[in-house]
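1. Coordinates for the following, if possible.
(2 chains)
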Amino acid sequence: MTHLDPDRLADRALGNDDPLTAAEEKHLDSCAECRDELAQLSRITELSRRPEQLAQVPADTIWRSIQSQLASAAPAPARTEVAAEPAPSPPAASEPPRRTPRPRSWLLAAAAAVVGLIIGVGVTTVAIRDRVEVTSSIALAALPGQAGHGTAELVNDQGRPELRVQIDAPLTPDRYREVWLINTDGQRMYTLGVLPDDGRASYPLPPELAGQLQGFTIVDVSIEPYDGNPAHSRESQVRGTLPT
Amino acid sequence: MCLRDQRDCSCQARIVAKAGRVRVTFVIDEARLNAEAAGEDVDWRAATEAELRVGFYQGDEACLQEVFRRSAPLIYTIAYRALGSSTDSEEITQEVFVSAWRARGNYQAEKGSLSGWLIGIARHRIVDRQRARGRDLRLVQAVTTQTDVQAQPEALSTLIDRIVLTEEIGRLPHPRGTILQLAFWEGRSYPQIAEQLDLPLGTVKSHARRALLHLRTRLAEVTS
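-> Numbers count the residues shown, from 1 in each chain, chains lettered A, B, ... in the order given. Purely as a prediction, here's the structure:
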């Protein structure tokens, strides 16, 4: 017998009072595909009965931040194949390929500037930049067997202590990176969060550490597999120690 | 250029430069093709989903804005219901669109819908935050059980499905959408709905059936 008509399965999932024929029931008993189809339709029926109304999204605010983020970043390289496509006749010329070389990340320049600024790691520097007070700034260096470098700054952003991390280090396929504050006792650590692929992010300090780091001075960037295990992978890419 | 890079595919996405804006045509809509050929501007608000995909892929920022307009409520709601924080949800929504835009070259249209792709990115970000929260909590409380963390992905996917389904039902045209809302959300029986909408019972049932199959297709596109 051929598979059951989707309409019949939908009827059944909806609980319509039009029972399946004996032949249809028999097919359903013996056909995993039709049973799976019915299970999916029944699940949708069940989930649909518990609607989750859309939240009020502050769309304008979010859109503005997206725009400013995109404006500050490099344009992605455009696909070039499109240039070979014929343009529809009436309008004029086809667009030339926008082959923009990916500009060097500003990160390198910024990292170089910051590294220059803080020669003599461990010395607490105070700088006022956009009402952000840099409490201390350190270089992050690659661990043995790893490549890359970066900086970590402890800043006071209008009263909110944050750790700003910028690294320039290769990405590993199918891995993400995570930023940690490790205690010098080597026993305890805080995760600050995932480091975006562009290698820069700011993290508010855990409230317990906002006043004093209490030994959580090692800034560590780890390479994490998507394995569902929340613990540190024990594979660190770059690391540095904040002054106490 | 075929969006799926199939030589024998009949779709012909074309781009033309006009006033610095990338314009996209998809032959699935002859009327639109003619409008394009006549040199009219693309109104992304009226674009079909397939057209948006092409425009997005090609990098028209006006197209990104339209994708944002359509999908931001979905992404934001998923983040908000999963995390309960408007700050986190704003951040996630922003991150999802920025990283989708930056990685648009990787977007493979044949792998699913644009909103499915955005939801996939959002899902990762949500799990990251849930994981970080769980870890902070555990470090503070010295609790090491991981069962909570591992239970989350399934709960999250159910939540996402429910939000997607709510939105899809809300988008169904009348009377199909009304029938499903009365049946699913208000628990009315089909005879009651038929009477209320003054439609034959068979028509009501047929709409419900069609709508359910449509929801199944949409859900598969968005969450596969």
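2. Now B:Glu168: closest residue in space that isn't a chain neighbour?
-> B:Arg218 (5.1 Å; CB to CB, 6 or more residues apart in numbering or on different chains). C-beta: built from backbone N, CA, C; applies to glycine.
3. meant to ask about B:Ala79, not that
-> Distance criterion CB to CB, 6+ apart; nearest residue to B:Ala79, sequence neighbours excluded, is B:Ser89 at 3.8 Å.
4. my read: that neighbour touches B:Tyr80, true?
-> Yes. Counting by CB atoms under 8 Å, B:Tyr80 is a contact partner of B:Ser89 at 4.2 Å.
5. Next, show the common contact partners of these two.
-> A:Ala55 (CB atoms under 8 Å, 6 or more residues apart in numbering or on different chains).
6. who has more neighbours, those two?
-> B:Ser89 (26 against 21; other CB atoms under 10 Å in any protein chain shown).
7. buried ones in the host helix or strand of that one?
-> B:Ser89 belongs to helix B:86-102 when assigned by DSSP states H and E. Residues of helix B:86-102 classed as buried: B:88-102 (neighbour count, 16 or more other CB atoms under 10 Å in any protein chain shown).
8. Which elements pack onto it?
-> Applying 3 or more CB pairs under 8 Å, 6 or more residues apart in numbering or on different chains; DSSP states H and E, we find helix B:86-102 packed against helix A:59-72, helix B:61-83, helix B:114-141.
9. Which strands or helices does the longest one pack on?
-> Okay, so that is helix B:114-141. Packing contacts for helix B:114-141, counted by 3+ CB pairs under 8 Å, 6+ apart, involve strand A:189-195, helix B:49-58, helix B:61-83, helix B:86-102, helix B:147-171, helix B:201-223.
10. out of the ones you listed, nearest to A:Ala39?
-> Closest of these to A:Ala39 is helix B:201-223, at 11.2 Å (criterion: CB to CB).
11. what's the domain layout of chain A?
-> A:6-74+A:101-128, A:133-241 (automatic domain parsing).
12. average model confidence for whichever strand or helix holds A:Lys26?
-> Here A:Lys26 sits within helix A:22-30, counting by DSSP H and E. Averaged across helix A:22-30, pLDDT comes to 91.
13. what's whichever helix or strand comes after that helix in contact with?
-> For helix A:22-30, the following helix or strand on the C-terminal side (DSSP H and E) is helix A:32-48. Helix A:32-48 is touched from outside by A:3-4, A:6, A:9-10, A:12-15, A:27-28, B:158, B:161-162, B:165-166, B:169, B:180, B:184, B:212-213, B:215-216, B:219, with contacts defined as CB under 8 Å, 6+ apart.
14. Pull out the buried members of these.
-> A:4, A:6, A:9-10, A:12-14, A:27-28, B:161-162, B:165-166, B:169, B:180, B:184, B:212-213, B:215-216, B:219.
15. Please identify the buried residues of stretch A:151-158?
-> A:151-155.
16. Under the pLDDT cut-off, which ranges of the chain? List them.
-> Using chain A here. Low-confidence segments of chain A (pLDDT under 70): A:1, A:73-132.
17. Not quite, go with chain B.
-> Checking chain B against pLDDT under 70 turns up B:1-42, B:108-111, B:135-154, B:224.
18. at 50 what do you get?
-> Confidence mapping of chain B against pLDDT under 50 gives the ranges B:1-30, B:142-154.
19. Show me the one of the helices and strands packed on helix B:86-102 that comes nearest A:Phe216.
-> helix B:114-141 (10.3 Å).
20. how much space between the residue nearest to B:Glu168 and B:Gly112?
-> Applying CB to CB, to the nearest Å, the value for B:Arg218 to B:Gly112 is 11 Å.
21. How about A:Pro19?
-> From A:Pro19 over to B:Gly112 (counting by CB to CB), the distance is 36 Å.
22. These two: which is more packed in?
-> In this view A:Pro19 and B:Gly112 are compared by other CB under 10 Å, and B:Gly112 has more residues nearby, 17 against 10.
23. how far away is that one from B:Val96?
-> Distance, B:Gly112 to B:Val96, using CB to CB: 15 Å.
24. ok now do the residue positioned nearest the centre of chain A, which residues does it touch?
-> The residue lying closest to the centre of chain A (CA atoms, centre = their mean) is A:Pro196, at 5.0 Å. By CB under 8 Å, 6+ apart, A:Pro196 lies in contact with B:95, B:99.
25. wait, isn't B:Ile92 in contact with B:Asp128?
-> No. If you go by CB under 8 Å, B:Ile92 and B:Asp128 don't touch, sitting 9.3 Å apart.
26. which one is A:Leu47 nearest to, not counting chain neighbours?
-> B:Arg162 (5.0 Å).
27. so how far is A:Gln40 from that neighbour?
-> Counting by CB to CB, the separation of B:Arg162 from A:Gln40 is 15 Å.
28. If you count neighbours, what's buried in stretch A:161-181?
-> In terms of neighbour count (16+ other CB under 10 Å), stretch A:161-181 has its buried residues at A:161-169, A:176-181.
29. What's the end-to-end length of it?
-> By CA to CA, to the nearest Å, the extent of stretch A:161-181 from end to end equals 14 Å.
30. With stretch A:166-181 instead?
-> Terminal-residue distance, stretch A:166-181 (CA to CA): 15 Å.
31. Return the distance of it from the chain's centre.
-> 11 Å (CA atoms, centre = their mean, to the nearest Å).
32. Surely A:Val155 is in a strand?
-> Yes. Going by DSSP: H, G, I helix; E, B strand; the rest coil, the assignment for A:Val155 places it inside a strand.
33. With chain A as the reference, measure out to the nearest residue to B:Ser157 once chain neighbours are set aside.
-> In this structure, B:Ser157 finds its nearest non-sequential neighbour in B:Thr223, 7.1 Å apart by CB to CB, 6+ apart. The gap separating B:Thr223 from chain A is 11 Å, by CB to the nearest CB, to the nearest Å.
34. How about the contacts made by B:Thr223?
-> B:116, B:119, B:157, B:160-161, B:164.
35. from those, which single one is nearest B:Leu52?
-> Set against B:Leu52, the nearest of the contacts of B:Thr223 by CB to CB is B:Gly116 (13.0 Å).
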